[in-house]
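Sharing a sequence plus its predicted fold:
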Amino acid sequence: MTLLPPRWRLPYVALLTVVGLLLSVSALEAYRLSGGRRAWEPFLWEFSSLAVLGPLALGVHALVGRLHGRHWRHQLAAHLLALPVFSGLHIAGMFGLRLLVYGLVGVPYRPDDIPTLLVFEGGKDAVSYISFCLISRGVWMAGAATQRQQELERARRELAELRLARLADQVQPHFLFNTLNLISSVMYEDVARADRLLCQLADLLRQTLAAQQRVEHTLRDELALVQPFLALMQARFGEQRLVVQIAADDDALDCRLPALLLLAPVENAVKHDVARHLGRVTLVVAATRQGGRLRLRVSNHGDRPVQETAPDPEGGLGLRNLRERLAARYGDAASVHFGPEGGAMSLTAELPCVS
């Protein structure tokens, strides 16, 4: 039984017991019709055979596993050598047990002569051996297929994680360079303000670096990054020109999502709409949870547009990054919609909410 994992030992013994009982009951009827008077004899015959076949079947299973992948000639030669050993051990063990039990109960037992036993039992053992080989081969092939599937799934997960990490790495340089460009535009006009902006930027970068190490965090953590970024942008443009509104349901705050997912869309909304409008720009970040779905919405509306040119339908690099990250993480379970909505530009993303 050492060839079986511990969790399979009891089921294996139970299976042998059930098979032994079925064979014994079937043999008992024929035994009675032939005039037999000791009802326990058919049970002894069947269970003595199964008691030896049980361990031998495990040995055949191990042999088939060791031969898997070798040339068919090597496999055939090994089985031709193993079959006589299998049959000899079965016959010796089975009749050894029977002689022992008959001797203990004081009942004479005279098996057939050895040549007859070898022919009669050997033929049955050949059928049993071939059956065990076929079953074992199927089990080994199923196990190999399962292992390959697990390895494939693991490779896919690792590839997805690497892809997510690559996409996440794109966020920070994109955000950093644009923010530095914004700061550079005021550094000669108001040195004190530029200094404050740089300090705020340093604090924000420390938080984004920590977020990238986590790969995934809650919406509450994500908004904790978005809010200081928007505060930085308000300090740059002025609170009268850039109005920020953040609204998130309490149920939505515990939903998990890829780190830095909202930063690029929010940055795009600020950058492009402030550039396209002379007056006030209102930016809204909203999050709601509907059952097992998280709905994120980033919209912006300007009072006095400079020009009515249509925005990039793909939403620029930041929104392409968002689409790719959601596709890599959730597949078809996530969706992104971007376009005009009631005089404003709106980005809506829906994804599974995992708390």
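That came in fine, so what should we check first? A quick note: this is a predicted structure, and the numbers were derived from the prediction, not measured. Residues are numbered from 1 along each chain as shown.

which stretches of this protein have low pLDDT?
1-3, 156-176, 178-179, 182, 212, 275, 304-318 (pLDDT under 70).

In it, mark out all the helices, start to finish.
6-33, 40-67, 72-105, 114-184, 191-214, 219-237, 263-276, 316-330 (DSSP state H).

closest to Asp254 out of those?
Closest to Asp254 of those is helix 219-237 (C-beta to C-beta; 7.0 Å). In short, each C-beta sits where N, CA and C put it, glycine included.

what comes into contact with that closest one?
Outside helix 219-237, the residues within contact range by C-beta atoms under 8 Å, 6 or more residues apart in numbering are 175, 179, 182-183, 186, 193, 196-197, 200-201, 203-204, 207-208, 211, 214, 242, 244, 246, 248, 252-257, 259-263, 266-267, 270, 274, 283, 285, 287, 294.

what inclination does that helix have with respect to helix 191-214?
With axes from the mean of the first three to the mean of the last three C-alpha atoms, to 10 degrees as the basis, helix 219-237 and helix 191-214 are set at 160 degrees to each other.

What subset of the contacts of helix 219-237 is buried?
175, 179, 182-183, 197, 200-201, 204, 208, 211, 242, 244, 248, 252-253, 255-257, 259-263, 266-267, 270, 274, 283, 285, 287, 294 (16 or more other C-beta atoms under 10 Å).

With adjacent residues omitted, what lies nearest to Leu23?
Glu46 (4.3 Å; C-beta to C-beta, 6 or more residues apart in numbering).

That neighbour: neighbouring residues, count only.
Residues within reach of Glu46, counting by other C-beta atoms under 10 Å, total 20.

Assess the claim that it and Gly20 are in contact.
Yes - using C-beta atoms under 8 Å, Glu46 is in contact with Gly20, at 5.3 Å.

was I right about Gly343 contacting Asp303?
No - between Gly343 and Asp303 there is no contact under C-beta under 8 Å: 10.3 Å.

Between those two, point out the one with more neighbours.
Asp303 (11 against 8).

Could you pull up phi and psi at the residue lying closest to the more buried one once chain neighbours are set aside?
Once flanking residues are discounted, Asp303 sits nearest to Gly279: 3.6 Å by C-beta to C-beta, 6+ apart. Torsion angles at Gly279 (phi, psi; degrees, to the nearest 10) stand at phi -100, psi -150.

and Leu33, what does it touch?
Applying C-beta under 8 Å, 6+ apart, no residues qualify as near Leu33.

distance of Thr282 from His90?
To His90, Thr282 is 86 Å away according to C-beta to C-beta, to the nearest Å.

between the two, which one's more packed in?
In terms of neighbours (other C-beta under 10 Å), His90 is the more surrounded of Thr282 and His90; the figures are 20 against 15.

so that one makes contact with Gly122?
No - the criterion here is C-beta under 8 Å, and His90 misses it with Gly122 at 9.2 Å.

Look up how far Ala155 lies from Gln149.
For Gln149, the distance to Ala155 equals 11 Å [C-beta to C-beta].

ugh, wrong one, I meant Asp249
37 Å.

In terms of neighbours, single out the busier of the two.
Neighbour tally, Asp249 and Ala155, criterion other C-beta under 10 Å: the higher count belongs to Asp249, 15 against 10.

got the contact list for the more buried one?
Per C-beta under 8 Å, 6+ apart, neighbours of Asp249: Ala287, Thr288, Arg289.

Can you list which of the residues you listed are found in strands?
Among the contacts of Asp249, DSSP state E puts Ala287, Thr288, Arg289 in strands.

isn't the second one right next to Arg295, touching?
What that stands for is Thr288. Yes - counting by C-beta under 8 Å, Thr288 touches Arg295, with 4.9 Å between them.

Show me which of those two is the more surrounded one.
Arg295 (18 against 14).

How much space separates the residue most central in space within the chain from Leu351?
When C-alpha atoms, centre = their mean is applied to the chain, the residue found nearest the centroid is Glu153 (6.2 Å). For Glu153, the distance to Leu351 (C-beta to C-beta) stands at 21 Å.

One more: Leu16?
From Leu16 to Leu351 the distance is 51 Å (C-beta to C-beta).

So for the two, which residue has more residues nearby?
Leu351 (21 against 16).

is it true that that one touches Ala328?
No - counting by C-beta under 8 Å, Leu351 does not reach Ala328; the two are 12.0 Å apart.

What residues does the closest residue to Gln240 other than its chain neighbours make contact with?
Leaving out its chain neighbours, the residue that sits closest to Gln240 by C-beta to C-beta, 6+ apart is Arg280, at 6.6 Å. Residues near Arg280 by C-beta under 8 Å, 6+ apart: Gln240, Arg241, Leu242, Val243, Gly302, Asp303.

How about Leu97?
Contacts of Leu97 by C-beta under 8 Å, 6+ apart are Leu44, Ser48, Ala51, Val52.

Could you dump those into a markdown table with neighbour count added?
Listed next are the contacts of Leu97 as a markdown table, based on neighbours: other C-beta atoms under 10 Å:
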| residue | neighbour count |
| --- | --- |
| Leu44 | 17 |
| Ser48 | 20 |
| Ala51 | 14 |
| Val52 | 19 |
